[in-house]
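> Model the following, please.
(one chain, ligands or ions: 2)
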Amino acid sequence: WVVSLVTVVREYMSNRVIVSDAKQYNHALNKLKKKQGSTTLSDFEVWNLFPSVGSKLSLNEKLSLIKGPDMPPGVNGKPVFLEKDLRTYVVQLVKKGWKEHAFNEFVSDLIPLNRSLLDPRDEWCKYRNYSTQLPRASVVICFHNEAWSTLLRTVHSVLNRTPRYLLKEIILVDDFSNMNHLQDPLYEYVRKIESIILVRTSHRLGLVKARLLGIKYASGSVIVFLDSHCECTAGWLEPLLDRIVQDDTRVVSPVVDSIHEDTFEYVAQDINDLRIGGFNWNLRFVWEGIPQEVFSEREHPAAPIQTPTISGGLFAINAKFFERLGFYDDQFEIWGAENLELSFKTWMCGGSLEIVPCSHVGHVFRKKFPYRKEGQTFRKNFVRLAEVWLDDYSKYFYQRIGNKKGNFGDVSQRKELRKKLNCKSFKWYLDNVYPQIRLPVDDAANGQIYHLTKGLCLDSANTLGNLRESVILSKCHSQGGNQYWTYTKYGEIQRDDLCLDYILNMITLFICRGRVASQIWYYDMHTKAIRNKNSNLCLSTAKYHTGYKLVLKRCLDTSNQKWIIENFDGK
Ligand code: UD2
Ligand code: MN
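Ligands and ions are numbered 1, 2, ... in the order given. Here you go, the predicted structure:
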């Protein structure tokens, strides 16, 4: 992939932040004083209160849209709510933001780029003695069509909350964005800040290749990755670097706090209820609770904790160690699987993964990807991952995709790498690092659940929140995915952490609730009925003018109540 390096900026600036022009600044300050009736804001807080790029609204208008007294909006990580009665063109702007970014860009634009945040750290963290020999870090941030304010708030949160001597540079990798604000305006903005390197790709590389490119410009001995919609909090970097300086095979992640996609409220995770990383057999990362044994052995809830996987967006790694691990598989496209690739090989090839609860970084989690088309799954990445690292366990993933691997390219070099590094087996990883994983062999059956004669399968798009008709009947396609179910020994019909449930007279998917009766389904191999324990009713097909629906009816041994649970042998 050819690359054009637009600029390497090393202009010296005495002030770490750029003060927008004085007139605009004074104007904003006066407005605020009037609205608030006081002058308690520091200059710093008011700085660049209203980023001008991408929005044509005047200051007055913006002020009138925000509900509540908090000024500047979003101060201390507080949520920003908009007034209810917005004029039509404002409503349009809000909609546009959601459409382009899958979060409330309009609200984000109202919040200062360098907003204040509360210090989320536990007291214990503040009395740590970190090494005096901490290495310097290069922060790599890749983005494709990121919103102006979220991107620059990420940058400023790094600049404002990282001691200068620990920050080698920030490398922004623009993965072929076509939004206007990311062209000249971004260049003009960052060229005034010292130690920012802006690299642009000449065509769309996808997240992994963009990161690999960013690494080439990194000169720090530690590389830190951040997504392009993050906010770092006080003291976020030191505890990460400290773990690495003690042992450079440690790959460490901060606690990933949540920045609300609608209000941009900063919500810190409670470290007493800390989540660590796991994965499911779709090879997707999942958050998990800490096993009880581990929990009770810990020195302190804020002490570093080992984790089977990391979510992948926010972590620090020794550059040499990363290189030794062969960085990432450079055939990974656009999105997905690189987080588990790194997780598996770190553990299997002699390193370890940790979450460091003294380090908090916020991230805007969103429900969908603006750049991902419906149905696009990036299967190739996941198949490559399974081929190289999963040994015989890859079959569990392949079942999930109906054993259709598709064209996944050549993986021989990645296998070579694994051999060269003398990495341990995937079984070793599961036994020693992730013993709490659920293996499909522990289940009564895995596969489709279909009507005996109609060729219709239980199907669910797995979306929570839409109770009604979240489980439907559709033509069996034998491709796994939304028609792949696990029938557990206890009678749950399950996919990952969701269970078939009968609540409020609806058949639906709901979080598995520890074998409650409404989630238990008895299968009678003889009559082929599936009976719900709680209601004592049976799964039936019902004919509507739009086609067949799934309903629960009194058990009558009629043909519309006959089902096959694939691979179930009665045990
Ligand atoms: C999660 C991870 C992300 C990555 C991904 C799986 C967290 C918080 N985030 O992403 O780092 O591991 O799962 O691959 O753990 N991007 C590009 N080019 C592209 C597509 C995306 O540069 O073609 C950037 C994007 O602007 C963002 C980052 O990659 O900064 C991750 O993408 P995302 O934020 O849309 O996805 P997310 O948070 O689910
Ligand atoms: Mn993200």
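> And for the residue nearest to residue 98 when sequence neighbours are not counted, the neighbour number?
If you skip the residues right next to it in sequence, residue 98 has residue 104 as its closest partner in space, 6.4 Å away by Cβ to Cβ, 6 or more residues apart in numbering. Using the backbone N, CA and C atoms, a C-beta is placed for each residue, glycine as well. A count of neighbours around residue 104, defined by other Cβ atoms under 10 Å, yields 21.
> Strands of the stretch 101-250 of the chain, residue ranges please.
137-143, 167-174, 196-201, 222-226, 230-232, 250-259 (DSSP state E, counting those that start in this stretch).
> Which among these is found nearest to ligand 1?
Taking Cβ to the nearest ligand atom as the measure, the strands of the stretch 101-250 of the chain were each checked against ligand 1, and strand 137-143 came out nearest at 3.7 Å.
> And that closest one, how far out from the chain middle?
Strand 137-143 sits 17 Å away from the centroid of its parent chain (Cα atoms, centre = their mean, to the nearest Å).
> Start the count at 26 instead of 1 going forward.
Taking 26 as the first residue, the last one we looked at is strand 162-168.
> Please work out which residues outside it touch it.
Counting by Cβ atoms under 8 Å, 6 or more residues apart in numbering, the neighbours of strand 162-168 from elsewhere in the structure are 176, 179-180, 183, 187, 191-200, 202, 207, 232, 235-236, 239-240, 242-245, 247-253, 262, 266, 341, 344.
> ok, and residue 452, which helix or strand is that part of?
Secondary-structure assignment from DSSP states H and E places residue 452 in helix 451-457.
> got the CA positions of that helix in PDB?
Written as PDB, here are the backbone C-alpha positions of helix 451-457 (Å, rounded to 0.1, in the frame of the first residue of the first chain):
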ATOM      1  CA  PHE A 451      -4.500 -22.900  22.100                       C
ATOM      2  CA  LYS A 452      -5.400 -25.700  24.500                       C
ATOM      3  CA  TRP A 453      -2.700 -24.400  26.800                       C
ATOM      4  CA  TYR A 454      -4.200 -21.000  26.500                       C
ATOM      5  CA  LEU A 455      -7.700 -22.100  27.400                       C
ATOM      6  CA  ASP A 456      -6.600 -24.300  30.200                       C
ATOM      7  CA  ASN A 457      -4.300 -21.800  31.800                       C
END
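> Tell me which helix or strand comes right after it.
strand 470-472.
> Within its sheet, name the partner strands of that following strand and how each one runs.
When sheet partners are counted by DSSP bridges, strand 470-472 sits next to strand 510-512 (antiparallel).
> Packing partners of the next helix or strand after the strand it pairs with?
Scanning the chain past strand 510-512 towards its C-terminal end, the next helix or strand to appear is strand 518-520 (assignment: DSSP H and E). The criterion is 3 or more Cβ pairs under 8 Å, 6 or more residues apart in numbering; DSSP states H and E, and the helices and strands that strand 518-520 contacts are strand 510-512, strand 523-528.
> Give me the distance between the shortest one and the centre of its chain.
For strand 510-512, the separation from the chain centroid amounts to 26 Å (computed by Cα atoms, centre = their mean).
> Give the rounded mean pLDDT of it.
The pLDDT scores in strand 510-512 average 95.
> Can you pull out the residues in contact with that strand?
Identification of contacts with strand 510-512 by Cβ under 8 Å, 6+ apart yields 465, 468-474, 483, 517-520, 525, 546, 548, 590, 593.
> Having no further points to raise, I will conclude here.
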